[in-house]
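Participant: following is a predicted model, sequence given first.
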Amino acid sequence: MVMLPTHKAPTETFYLGGVALPRLFTGLWQLSSNSWGSAPAAKIRRQMANYAANGYTAFADHYGPAEILFGEFREKWSRPEDIFGATKWCVFRKIDPKRALVEAAVQDRLDRMKAQCIDLLQARSLRSTLKRELTHHLQREGKIFLIGLCNFDSMRMDEICEELGPGGVVSNQVQFSLVDVRPLYAMAEVCKKHNVKLLTYGTVCGGFLSDTWLGREEPDLYSGVLTPSQRKYLDMIVKAWGSWTLFQSLLVVLRAIADKYEGMSIANIATRWVLDHPFVGAVIIGARMGVSEHTDDNRKVYGFRLSAEDRAAIDAVLAQSNGARLIRTIGDCGAEYR
C-alpha cells in the first residue's frame, strides 16, 4: 500500500484497489506540446518533487516525455514507494490483443517509468483491449498493480467490468465538469454497480472555469493565444453547452459562492462540485510543469463541501444550459474520442 506522507496542509484521500491516494492528481498531458509552454527537464523534475513534498503524490498521463520525466523524478525521490504513477495504453485501431502485444506495451511503459510494476494502467481503445487471462497473467507477474480505463462509455465499461470480475477494473478516466455533466447519468450507476471510481479531467475546462475569465469577452478561437485545451473547451462551451453569455453567468455565481468561503477561487468551487459526487475518486488537474504552479490554490478544495444553497444556485444556471442534453447530442462519456 502507498503510504501518504504527513503534511501540515489538509489532504483528502480515497481508496483505489486498497491504496490510499490524494483526491487531487497531477496531470502531465501538458508536457506533450510547447503550446502550453516549455521548461528544461531538470526544472520539471524539481517541480514534480515540490508537488510531492506538498502532498500531491499521484501523477497521471503518458503524453510526450511525461513517463520518462516522471520515472526520473520518482527514481531519485527519497521514498519512491510513496509516489503513485498512472499511465495509459491507447489503441486507436481494432486489434486482437495477443499476449506478446500486450506484454510489449506494458514493458515499454515500465522501461520509460523506470519501474518494476505499473501502479495503474489505464486502457483507452476503440474496443475492449483487456482479456481476463492477460490481465491476471500480468498482475500475477507483478507488472501491473491496478487496471483502469480511459474514456470508456457506460455500456463498454459495464461489459469489461463484468468480464474481468470484481476488482478487475478500479477506475475510469473521463471528462467531468460543470460544463460536461455526462457522468451524472448512466456512468454514475455503472460506477456504483462495480465499485469503480472516476478519475476526472477537464474539471476547470482548460482554465476557463477560473477568475481569469470572469467579465472577459469571448476569446477568438483562432487567435493563436489559447492553449490546445482552451480551444477544445471554448468550442464545447459556445457550441454544445450554451453560450459565452451564459458561461459568464455561471462564473458570476461561482464567484459569489467562493466569496462565502475565505480565500476560495472560482476554480476551487468548480473542482469541489465535482469532488462532492461519491463516484468521483479524484480530479486530475493539468500542470504546466516548470512553467507555473498552483499547489497552494488547488489545496483549498480540501476540507469543505458545498452547501445545498450553493448547489441550488449552480443548478439554476445549469438548467438554462444544454448540459443535460449533451449525452444525446455528443454521446456518452468519451464518445468524442471514438
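Facilitator: All right, it came through fine.
Participant: so residue 77 sits right up against residue 83, yeah?
Facilitator: Yes - the pair residue 77 / residue 83 is scored as a contact, 5.7 Å apart, by Cβ atoms under 8 Å. C-beta: built from backbone N, CA, C; applies to glycine.
Participant: higher neighbour count, the two?
Facilitator: Taking residue 77 and residue 83 together and counting by other Cβ atoms under 10 Å, residue 83 has the greater number of neighbours (21 against 16).
Participant: grab the nearest non-local neighbour of residue 206.
Facilitator: Here the nearest residue to residue 206 in space, its sequence neighbours aside, is residue 229; by Cβ to Cβ, 6 or more residues apart in numbering that works out to 3.3 Å.
Participant: for residue 239, see how far away residue 307 is.
Facilitator: In this view, residue 307 and residue 239 are 32 Å apart by Cβ to Cβ, to the nearest Å.
Participant: give me the three-state assignment for residue 86.
Facilitator: Look at residue 86: counting by DSSP: H, G, I helix; E, B strand; the rest coil, its state is strand.
Participant: 33 is where my numbering starts, stick with that
Facilitator: Fine by me, first position is 33 from now on; the one you just mentioned is residue 118.
Participant: beta partners of it?
Facilitator: For residue 118, the residues forming beta bridges with it (DSSP bridges) are residue 92, residue 152.
Participant: pLDDT score for it?
Facilitator: As predicted, residue 118 sits at a pLDDT of 94.
Participant: kindly report the same for residue 124.
Facilitator: For residue 124, the pLDDT comes out at 61.
Participant: and for residue 175?
Facilitator: Confidence score, pLDDT, at residue 175: 92.
Participant: tally of neighbours for the closest residue to it other than its chain neighbours?
Facilitator: Excluding its sequence neighbours, the residue lying closest to residue 175 (Cβ to Cβ, 6+ apart) is residue 138, at 5.4 Å. Residue 138: 20 surrounding residues under other Cβ under 10 Å.
Participant: which residues touch residue 258?
Facilitator: Going by Cβ atoms under 8 Å, 6 or more residues apart in numbering, residue 258 touches 251, 266.
Participant: repeat for residue 155
Facilitator: With contacts defined as Cβ under 8 Å, 6+ apart, residue 155 is in contact with 120-121, 123, 161-162, 179-182, 184.
Participant: got a list of contacts for the strand or helix carrying residue 349?
Facilitator: With elements delineated by DSSP states H and E, residue 349 resides in helix 340-350, which encompasses its position. The contact list for helix 340-350 (Cβ under 8 Å, 6+ apart) reads 210, 213, 278, 281-282, 285-286, 288-289, 292, 301, 305, 338, 356.
Participant: pLDDT added to the residues you listed, as CSV?
Facilitator: Shown next, in CSV, are these (pLDDT from 0 to 100):
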residue, pLDDT
210, 98
213, 97
278, 98
281, 98
282, 98
285, 98
286, 98
288, 98
289, 98
292, 95
301, 98
305, 98
338, 97
356, 94
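Participant: residue 197: which of the residues you listed is nearest?
Facilitator: Each of the contacts of helix 340-350 was checked against residue 197 using Cβ to Cβ; the closest is residue 213, at 30.0 Å.
Participant: neighbours of the closest residue to the closest one other than its chain neighbours, just the number please.
Facilitator: Ranked by Cβ to Cβ, 6+ apart and with sequence neighbours excluded, the top spatial neighbour of residue 213 is residue 355, at 4.7 Å. Residue crowding around residue 355 was assessed by other Cβ under 10 Å; the count is 20.
Participant: isn't residue 355 up against residue 269?
Facilitator: No - counting by Cβ under 8 Å, residue 355 does not reach residue 269; the two are 10.6 Å apart.
Participant: common neighbours of these two, please.
Facilitator: Here residue 355 and residue 269 have residue 211 as joint contacts, going by Cβ under 8 Å, 6+ apart.
Participant: re the thing from before, my read: the residue nearest to residue 238 touches residue 236, true?
Facilitator: No - between residue 261 and residue 236 there is no contact under Cβ under 8 Å: 9.5 Å.
Participant: more neighbours: which of the two?
Facilitator: Shown here are residue 261 and residue 236; by other Cβ under 10 Å, residue 236 has more neighbours (25 against 20).
Participant: cheers, nothing more for now.
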